[in-house]
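Novice: need coordinates for the below:
(one chain, ligands or ions: 2)
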Amino acid sequence: MRPRNSRRRQTRRLVLGVVFTLGLVIVTVMTAFSQGWFGVSAPGTSAHMSSHVSGSSQTDATSSEAATPTPVIVADATPPPPANPDDLKMSWETPAVFDGANAFPEQKMTMTGLDGASINYWIFRLGLPLNGYTTDTPISFGAPEDYTSIDGVLAFRGNNYRTAPAWGTADVSQKKLQIVWTKDIGAVTSTDSYWPGTGWTGQPLLVHWPASTRMAMNISPEMKQKDLVEVIYPVFDGNIYFLDLATGKETRNPITVGFPFKGTGVIDPRGYPILYCGQGLNENDGTYGEFNYHIFNLLDQTEMYALYGRDDLAFRKWGAWDSSGLIDAKTDTFIECAENGMVYLTKLNTRYDEAAGKLSITPQITRYRYQTSYTNELGIESSPAAYKNFLYFSDNGGVVQCLDLNTLKPVWIFNGDDDSDCTITLEDSAAGVSLYTANEIDKRSALTKVGADCNIRKLNALTGELIWQYDVPCVYHFYLNGGALATPLVGQDDISDLIIFNICLTTSVSDGKLIALDKVTGKLVWERDLPAYSWSSPVPIKGDDGKTYAVFCDSAGNMHLFDPRTGKDLDVISLGANVESSPAAYNNMIVVGSYAKKIFGIKIT
Ligand SMILES: [Ca+2]
Ligand SMILES: [Ca+2]
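Specialist: Ligands and ions are numbered 1, 2, ... in the order given. Below you'll find the model as predicted:
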């Protein structure tokens, strides 16, 4: 299924890259001479040339200069299968290794932070370390409400600030939840573990395709006749399901990958029929495969490309992708963080002709790798957030980081003290641009087994300075960590003063708390004891009455409709078993899966 169009080894890729670039230079220079550019050059030609010979990125030739040779864009080759199939058997517990053939100590760059800590970093293109990087197609994300150009929830938490898991408004008069459909799904068994239903972060995607796009895709004739909102859900059983939001019926066949998905997929925010989704495991009942972040053409559900988590350049070998990426529409760039500790900037070179029913991508990947003086723990499970040209993410070592996407230089680092898998949320207010982050009780208590405080923090997003910190005592558990796994609900409109976190294992290995803090002061507004901890991110639902309602799910399998002003429940329904996944909502409909091996369509009334 995967277009494994090359079996060249890394070194052969390098040679090819160099030959290709040299060829491009020769062709460009010869054309330049033949056109007389070096004599009486037209304005802008030197800049145009430099874009052709730049090693860091390439741009399409502009149509206004017909004589300019069109550069042949070649997709980066994907790795060959491992020489030893056992190399696919990785463990998340294997420590990162910072030396070896791909360490490249000579090409290391260093930035020193406000606290005197340092971060070493490397930038790679075609397997080679670069001495620096400046893009010629600068990224600048816009306002979060402009992230998607079509209706729906197309990313984890909906936008580049990670603050919009719900689209539209709901008529909330009864203040009730009701299951209106269910879809049975399966499970996967791996070594010593069993993965039923849907997992963490596991948010479904809800897409209101434009009619012309719906017609261009392989959706069933019956569903093409509807003003369809399509539920797209990669789940543990290795399938990606496509359902009608209104009825739960399949809109087309599932895509079968055969390896589990835990994280959340991405639909191209330009409205292009492209699905991006990363595997959480590469094992299915003793069969091992690659650890891939898949890119599917949703016109016909074929796979166009994959990023490989098994990356020779990574310090950490674990190749999973729980993180959910972002797409910068203007520069045609896919941005994703990996559990191998790297950040991937993929220039997609997308060509989409809806009328002709043609879609292709030609991915070219630039990699960012780092190591800080805080810790040797690596791996990013949080989903990146973005403000303008700045990317924000936290990692297994507790490093909170701001990365300039246009230079791939770290802007600042902050020591968050422990593993942080909850996704950073951003806020742009009159007081400035800030972010919220929280950690787990994991690495710092690994030896003592003694509990510690989960630290909830607000930072200045431009400088990394601490604005406030709120601590919640938690117990320690090796596997089910205490602290924050869910991404917080950032209040807006009538609850714009509040941020709501769910914190796990606050007094025992089964319980937790729901906590509302004042965004400005970091002081407690209300808290609520939860008998069952919650990894599922709370979702605000905007009522037609102007009031904000909210839902959250827990490990006992319940979905709670609650008043975010007080934390009190308005209604509770059972989804059968642990709900690790985060719901998404579209007007009155909420969708989420649980360990009960079902996807649920839930109506709020
Ligand atoms: Ca982690
Ligand atoms: Ca952890």
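Novice: Lys519: neighbouring residues, count only.
Specialist: Neighbour count for Lys519, taken as other C-beta atoms under 10 Å: 22. Backbone N, C-alpha and C define where each C-beta goes, glycine included.
Novice: that one against Ile495, yeah?
Specialist: No. Using C-beta atoms under 8 Å, Lys519 makes no contact with Ile495, being 9.8 Å away.
Novice: shaky segments in the protein?
Specialist: Applying pLDDT under 70 to the chain flags the ranges 1-67.
Novice: how about a cut-off of 80?
Specialist: Residue ranges of the chain with pLDDT under 80: 1-71.
Novice: of all residues in it, which one is nearest the centre?
Specialist: With distances taken as C-alpha atoms, centre = their mean, Ser324 lies nearest the centre of the chain, 1.6 Å away.
Novice: for His560, see how far away that residue is.
Specialist: According to C-beta to C-beta, to the nearest Å, Ser324 and His560 sit 24 Å apart.
Novice: ditto for Val509
Specialist: Distance, Val509 to His560, by C-beta to C-beta: 21 Å.
Novice: surely the residue nearest to the centre of the chain touches Ala155?
Specialist: Yes. Judged on C-beta under 8 Å, Ser324 makes contact with Ala155 at a distance of 6.4 Å.
Novice: any common contacting residues for these two?
Specialist: Common contacts of Ser324 and Ala155 (C-beta atoms under 8 Å, 6 or more residues apart in numbering): 264, 266.
Novice: quickly list what Met548 is bridged to.
Specialist: Wrong residue type there; residue 548 is Thr, not Met. Following DSSP bridges, Thr548 is listed with bridge partners Lys542.
Novice: please read the previous query as pertaining to Phe393.
Specialist: Per DSSP bridges, the residues bridged to Phe393 are Gln401.
Novice: for it, give me its contacts.
Specialist: Here Phe393 is in contact with 323, 337, 343, 380, 382-385, 400-401, 403, 424 (criterion: C-beta under 8 Å, 6+ apart).
Novice: also Asp417?
Specialist: Applying C-beta under 8 Å, 6+ apart, we find Asp417 in contact with 398, 439, 444, 455.
Novice: and the residues you listed, which is closest to Ser537?
Specialist: Asn439 (15.9 Å; C-beta to C-beta).
Novice: my guess is that closest one meets Asn415, correct?
Specialist: No. Taking contacts as C-beta under 8 Å, Asn439 lies outside contact range of Asn415: 10.3 Å.
Novice: neighbour-wise, which of the two wins?
Specialist: Set Asn439 next to Asn415 and count neighbours by other C-beta under 10 Å: Asn439 wins out with 28 against 17.
Novice: residues contacting that one?
Specialist: Counting by C-beta under 8 Å, 6+ apart, Asn439 makes contact with 394, 398, 416-420, 454-455, 483-484.
Novice: any idea how far the closest residue to ligand 1 within the stretch 451-600 of the chain is from Asp471?
Specialist: The minimum distance from the stretch 451-600 of the chain to ligand 1, using C-beta to the ion, falls at Asn481 (7.8 Å). Per C-beta to C-beta, Asn481 is found 16 Å from Asp471.
Novice: neighbour count winner among those two?
Specialist: Asn481 (25 against 11).
Novice: not counting sequence-adjacent ones, nearest residue to the more buried one?
Specialist: Closest residue to Asn481 apart from its sequence neighbours, by C-beta to C-beta, 6 or more residues apart in numbering: Glu440 at 4.0 Å.
Novice: contacting residues for that neighbour?
Specialist: Applying C-beta under 8 Å, 6+ apart to Glu440 gives the contacts 418-421, 454, 481-485.
Novice: that older thread, which one (most neighbours) among the contacts of Asp417?
Specialist: When neighbours are taken as other C-beta under 10 Å, the top entry among the contacts of Asp417 is Asn439 (28 neighbours).
Novice: and the gap between that residue and ligand 1?
Specialist: According to C-beta to the ion, to the nearest Å, Asn439 and ligand 1 sit 10 Å apart.
Novice: going forward, count from 351.
Specialist: From this message on, residue numbering opens at 351, which makes the last subject Asn789.
Novice: from Thr696, how far off is that residue?
Specialist: Shown here: Asn789 relative to Thr696, a distance of 29 Å by C-beta to C-beta.
Novice: try Glu930
Specialist: Per C-beta to C-beta, Glu930 is found 28 Å from Thr696.
Novice: now the residue nearest to Asn510 when sequence neighbours are not counted: phi and psi?
Specialist: Excluding the flanking residues, the one nearest Asn510 by C-beta to C-beta, 6+ apart is Ala736, at 4.3 Å. When read as degrees, to the nearest 10, the backbone of Ala736 gives phi -140, psi 140.
Novice: I'd guessed Ala736 sits against Leu755; true?
Specialist: Yes. If you go by C-beta under 8 Å, Ala736 and Leu755 touch, sitting 7.4 Å apart.
Novice: give the residues shared as contacts by these two.
Specialist: Jointly contacting Ala736 and Leu755 under the rule C-beta under 8 Å, 6+ apart are 678, 685.
Novice: tell me how far the residue of the stretch 401-550 of the chain found nearest ligand 1 lies from ligand 2.
Specialist: Among the residues of the stretch 401-550 of the chain, Trp442 lies closest to ligand 1, at 8.9 Å counting by C-beta to the ion. Distance, Trp442 to ligand 2, using C-beta to the ion: 10 Å.
Novice: where does that residue sit relative to Thr798, distance-wise?
Specialist: Distance, Trp442 to Thr798, by C-beta to C-beta: 22 Å.
Novice: quick one, which of the two is more surrounded?
Specialist: Taking other C-beta under 10 Å, Trp442 and Thr798 do not tie; Trp442 has more neighbours (13 against 9).
Novice: any idea where the strands of the stretch 801-950 of the chain begin and end?
Specialist: 802-810, 816-824, 832-833, 839-840, 848-854, 862-868, 874-880, 889-892, 898-903, 908-912, 919-924, 934-936, 939-944, 948-954 (DSSP state E, counting those that start in this stretch).
Novice: what parts of the chain come near ligand 1?
Specialist: Residues of the chain that fall close to ligand 1, judged by C-beta under 5 Å from the ion: 731, 746, 769, 771.
Novice: residues making contact with stretch 631-643?
Specialist: In contact with stretch 631-643 (C-beta under 8 Å, 6+ apart) are residues 352, 435, 438-440, 538-541, 545, 588, 608-610, 612, 626-629, 656-660, 669-671, 675, 686, 688, 694.
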